[in-house]
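Novice: Build me a model from this:
(chains A and B)
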Amino acid sequence: MKLDYTDEQVMFRNLAREFAEREIIPVASEDDQNRHFRHEIVQKMGALGLMGAPVPQEYGGLGTDYLTYALICEEIARASASVFTTLTVQVSVFQVPILKWGSEQLKKKYLPRTAKAELIGCFGLTEPNIGSDAAGLETTATRQGNEWVLDGAKMWITNGGVAGLAIIAAQADKVKRHRGITAFLVERGTPGFSSRDIQGKLGLHASNTAELILQGCKVPEENILGQVGDGFKIAMTALDSGRISIGAGCVGLAQACVDAATRYAQERIQFGRPIASFQLVQEMVVDMIVETEAARLLVHRAAFLKDKGEHFTREASVAKYFAAEAAQRAAVKAVKIHGGYGYSTEYPVERYYRDVMAMVLYEGTAEIQKLVIGRESLGVSAFV
Amino acid sequence: MILELNEAQKILKKNARDFLEREITPIADEYDRKYHPMPKDVALQLLHKLHPLGYIGATLPPEHGGQGLDFVSFGVLAEEGARAYLSLGMIAMIQDSAIMPILSRDGTSEQQTKYIPKILSLENIACFCLTEPDVGSGARDLKTTAVRQGDYYILNGTKTWITNGSIADVAVVFASTDPSKGARGISGFIVDKAESPFTTRELPKLGCRSCPTSEVTFEDCRVPASNLIGREGEAYLIALADLMQIRISAGMAAVGLAQAAIDASIKYARERKQFGRPIGSFQLIQEMIADMVIITEAARFICFQAYYLLSKGQPCFREAAMAKGFSTEMAVGVTSKAIQVHGAYGISEEYPVERYFRDARTLTFPDGSTEIQKLIIGREMLGISAFV
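Specialist: Predicted structure coming up:
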């Protein structure tokens, strides 16, 4: 066991931290209130390599390990869960599947531009009627000569409205259920492909969430990731990787809550003393700190196993579940410590409180994580 | 970052687990019911079995006859010992977490030569006497006194909740040599029962029932001045340093208990059938087990983090407090869920989980209550003390 970061990991964490403090934190609350997706931030992150850190250098990335990427996610999420969400989708569920399953030609064609964030990506899995039960996708893919025709709708797609390229999971053979699901790369501009931004979210106001509409959308055969029928596997492995980075984002959000609560508790005077000197306030801060540190270790353990090439499904779920719950509890406590100010937009904690709910839901709800962990621990599935 | 045990640690874990499952787990429930507490001859018989695994002298430097293991390895032993039989693990661990560090770090060479080999060979069992009937968390207010008379100190006072008290041959005792100085008046002594007799009384309790927990009384107890540890008035810091290590091992023991509760619950949930299916296939049962697994793994890393810093010689007062506070509370919740998974069988003596539950409940207050751990962490992080 060795719990120190390598010099490279520290260097990239610091790079991300300095960037976040300089470029994101000053505008995070403003963008949240204006529901503004700030393209310049994403572009600047792309220029630094932060939008494709674990992508190998030959494909235009930084070629870091996944743990380094987790550290970057944490720092960006500490500044803004919205920007983090753009990042985690770009890397974990967009670049990673292309890297693992894409043909050499697709990788060469698309990855370098995505690593520099000249091209934003998204993953279209969820549908209006299909959430956790991904095997039942209703979007269809029908072969027509050398092309496939996609029809259907995708819902809650992060980056959907700003993406130039989408991975779309569609059913190519309904009889085969999950073995018929196939993943396609679809460029924006393809006739029959359109998106509609989803308004009225509780949190993540500065991120983009959209519905994707596919109407007779024709995609060439070479844009299939892996083989016909690999789509479910691709989605599940993308989600495993995504869970690690969502976990890392939750740690960042929880850390932001700790930082804000610590500062406020030290400064706020009541009964002639800083409120940090009251045991009930200290207890809240301490609970936040301990859970945040435990979550960080669990996230890094999952990333460590992924970097080693070992199976990490269970550990990714443990990390995502614990980190999301810890972040949720931290956000509640941060608001409580701030009292009425915690309820106002004058302080950032109300934003953390709203944003954290998305982290609990996306990339597999808390309940799905428990069923994964239960299945892996008991050898018995309780999904249905 | 390497977030797994190294090869040597993995082998240590496997050997300890295999041996304990073969030799100790089968007798743990029977002994736990029979012995309140375990008599000395039984304790010694079991300690001799644990001895080859490295349970006594694990982290003691080789120049003192120990194995010089790193603290993460010690954490592995602490976890596995507690997973098999916490009462026995406590009897063993107090030597390595509390006594050996003091002797090897603060003892004179004469004290080291006299006592370390005896404890290593199990000729002597040791105990750590800090807590008193009126002095728990506020350790600076000790009432036990030590008054110098010629070549001796005369100790008077009562210590309570002393693990191993009634079976101990040697006690490390904290007493005030100058009550006017508070914490700076506290001194430490090695009290050898053969030459400086003291009396003990057992304290029956809810959990860890076969581990002796005693009241220890010193009545005009004459201790040679050569048995003073360090110098007069230095022992408060010695006790704090020791508590740091004891806290981490208490946290690790809680992880072991929780793991035992998980293993028992998984076995039961796979075997027990209701509505024609193993209960492990029901979502609400899986949720309990998933919750147990998640929080236990979190606690294990928190404990390893503290042990890792200890191995590196870095300060870890905050991390030790996290290990103790988080893990012991976690174990109460996890062992309670294990009972729920087992239904009525969970509270029967037919299954071990009622023992795990009772044992876990005894871990949240010794060596600093959960609340004290939180105040330590809070003070370190906020820079503001809320102790008083």
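
Novice: Now do residue 374, the pLDDT please.
Specialist: All of this refers to chain A. Per-residue pLDDT puts A:Gly374 at 96.

Novice: should've been chain B
Specialist: With respect to pLDDT, B:Lys374 has a value of 97.

Novice: The longest helix along chain B: what's the following helix or strand?
Specialist: Taking DSSP state H as the criterion, chain B has its longest helix at helix B:235-271. Once the chain leaves helix B:235-271, the next helix or strand it forms, by DSSP states H and E, is strand B:273-274.

Novice: average pLDDT across that following strand?
Specialist: Rounded mean pLDDT across strand B:273-274 is 94.

Novice: what comes into contact with that strand?
Specialist: B:Ile279 (C-beta atoms under 8 Å, 6 or more residues apart in numbering or on different chains). Quick note: C-beta positions are derived from backbone N, CA and C, even for glycine.

Novice: now stretch B:328-347
Specialist: For stretch B:328-347, contacts defined as C-beta under 8 Å, 6+ apart pick out B:250-251, B:254-255, B:257-258, B:261-262, B:264-265, B:268-269, B:279, B:285, B:288-289, B:291-292, B:295-296, B:298-299, B:351, B:353-354, B:356-357, B:359-361, B:363-364, B:370.

Novice: Those: which ones sit near chain A?
Specialist: Contacts with chain A within these, as defined by C-beta under 8 Å from any C-beta of the partner chain: B:Ile262, B:Ala269, B:Ile285, B:Ile289, B:Asp291, B:Ile295, B:Ala298, B:Ala299.

Novice: from those residues, which is closest to chain A?
Specialist: B:Ala298 (3.8 Å; C-beta to the nearest C-beta).

Novice: And for the closest one, the neighbour number?
Specialist: The local packing of B:Ala298 (other C-beta atoms under 10 Å in any protein chain shown) involves 27 other residues.

Novice: quick one: it from B:Thr59, how far?
Specialist: From B:Ala298 across to B:Thr59, the span is 25 Å (C-beta to C-beta, to the nearest Å).

Novice: hang on, B:Phe193 packs against B:Ser166?
Specialist: If you look again at residue B:193, you'll see it is Lys, not Phe. No. Using C-beta atoms under 8 Å, B:Lys193 is not in contact with B:Ser166; the gap is 10.7 Å.

Novice: higher neighbour count, these two?
Specialist: Between B:Lys193 and B:Ser166, B:Ser166 has the larger neighbour count (other C-beta under 10 Å), namely 21 against 18.

Novice: what pLDDT does the more buried one get?
Specialist: 97.

Novice: List the backbone torsions phi and psi for it.
Specialist: When read as degrees, to the nearest 10, the backbone of B:Ser166 gives phi -80, psi -10.

Novice: give me every residue that touches it.
Specialist: B:Pro37, B:Thr200, B:Arg201, B:Glu202, B:Pro212, B:Ser214.

Novice: just checking, which of those residues belong to strands?
Specialist: Of the contacts of B:Ser166, the ones assigned to strands by DSSP state E are B:Thr200, B:Arg201, B:Glu202, B:Ser214.

Novice: Any of these buried? List them.
Specialist: B:Thr200, B:Ser214 (16 or more other C-beta atoms under 10 Å in any protein chain shown).

Novice: what are the C-alpha coordinates of stretch A:362-381, in CSV please?
Specialist: Output of stretch A:362-381 as CSV, limited to C-alpha atoms (Å, rounded to 0.1, in the frame of the first residue of the first chain):
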residue,chain,number,x,y,z
TYR,A,362,-26.9,10.0,-13.2
GLU,A,363,-24.6,7.2,-14.4
GLY,A,364,-26.8,4.8,-12.4
THR,A,365,-29.0,5.7,-9.5
ALA,A,366,-27.9,5.0,-5.9
GLU,A,367,-30.3,2.0,-6.0
ILE,A,368,-28.7,0.6,-9.2
GLN,A,369,-25.3,0.9,-7.5
LYS,A,370,-26.6,-1.1,-4.5
LEU,A,371,-27.9,-3.8,-6.8
VAL,A,372,-24.6,-4.0,-8.6
ILE,A,373,-22.7,-4.3,-5.3
GLY,A,374,-25.3,-6.8,-4.0
ARG,A,375,-25.0,-9.0,-7.0
GLU,A,376,-21.2,-8.9,-7.0
SER,A,377,-21.1,-9.7,-3.2
LEU,A,378,-23.8,-12.3,-3.0
GLY,A,379,-23.6,-13.9,-6.4
VAL,A,380,-27.3,-13.5,-6.7
SER,A,381,-29.0,-10.8,-8.8
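
Novice: For it, could you pull out the residues that count as buried?
Specialist: A:362-364, A:366, A:368-378, A:380.

Novice: residues contacting the closest residue to B:Ile190 other than its chain neighbours?
Specialist: Counting by C-beta to C-beta, 6 or more residues apart in numbering or on different chains, the nearest residue to B:Ile190 once its immediate chain neighbours are dropped is B:Asn227, at 4.4 Å. Contact analysis of B:Asn227 by C-beta under 8 Å, 6+ apart lists B:Gln111, B:Tyr153, B:Phe189, B:Ile190, B:Val191, B:Asp192, B:Ser196.

Novice: what do you get for B:Met292?
Specialist: Each residue near B:Met292 by C-beta under 8 Å, 6+ apart is listed here: B:Ala258, B:Ala261, B:Ile262, B:Ser265, B:Val334, B:Lys337, B:Ala338.

Novice: what's the closest of these to chain A?
Specialist: Within those, the smallest distance to chain A is 7.8 Å, found for B:Ile262 (C-beta to the nearest C-beta).

Novice: Identify the nearest residue to the closest one in space, disregarding sequence-adjacent positions?
Specialist: Residue nearest to B:Ile262 in three dimensions, not counting chain neighbours: B:Met292, with 5.0 Å by C-beta to C-beta, 6+ apart.

Novice: before we move on, the earlier item: just put the contacts of B:Met292 in JSON lines and tack on pLDDT, distance to A:Ala183 and neighbour count.
Specialist: What follows is those, written out as JSON lines (pLDDT from 0 to 100; distance: C-beta to C-beta, whole Å; neighbours: other C-beta atoms under 10 Å in any protein chain shown):
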{"residue": "B:Ala258", "pLDDT": "98", "distance to A:Ala183": "40", "neighbour count": "32"}
{"residue": "B:Ala261", "pLDDT": "98", "distance to A:Ala183": "42", "neighbour count": "31"}
{"residue": "B:Ile262", "pLDDT": "98", "distance to A:Ala183": "37", "neighbour count": "23"}
{"residue": "B:Ser265", "pLDDT": "98", "distance to A:Ala183": "38", "neighbour count": "30"}
{"residue": "B:Val334", "pLDDT": "98", "distance to A:Ala183": "40", "neighbour count": "31"}
{"residue": "B:Lys337", "pLDDT": "98", "distance to A:Ala183": "39", "neighbour count": "23"}
{"residue": "B:Ala338", "pLDDT": "98", "distance to A:Ala183": "42", "neighbour count": "30"}
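
Novice: So which of those residues is the closest to B:Ala28?
Specialist: Distance to B:Ala28 across those (C-beta to C-beta) is lowest for B:Ala261, with 13.5 Å.

Novice: Helix or strand: which one has the spatially closest residue to the closest one that is not a sequence neighbour?
Specialist: In space, and not counting its chain neighbours, B:Ala261 is closest to B:Ala338: 3.7 Å by C-beta to C-beta, 6+ apart. B:Ala338 belongs to helix B:317-342 when assigned by DSSP H and E.

Novice: What parts of the stretch 51-200 of chain B come near chain A?
Specialist: So far as C-beta under 8 Å from any C-beta goes, the stretch 51-200 of chain B lies against chain A at B:Val72.
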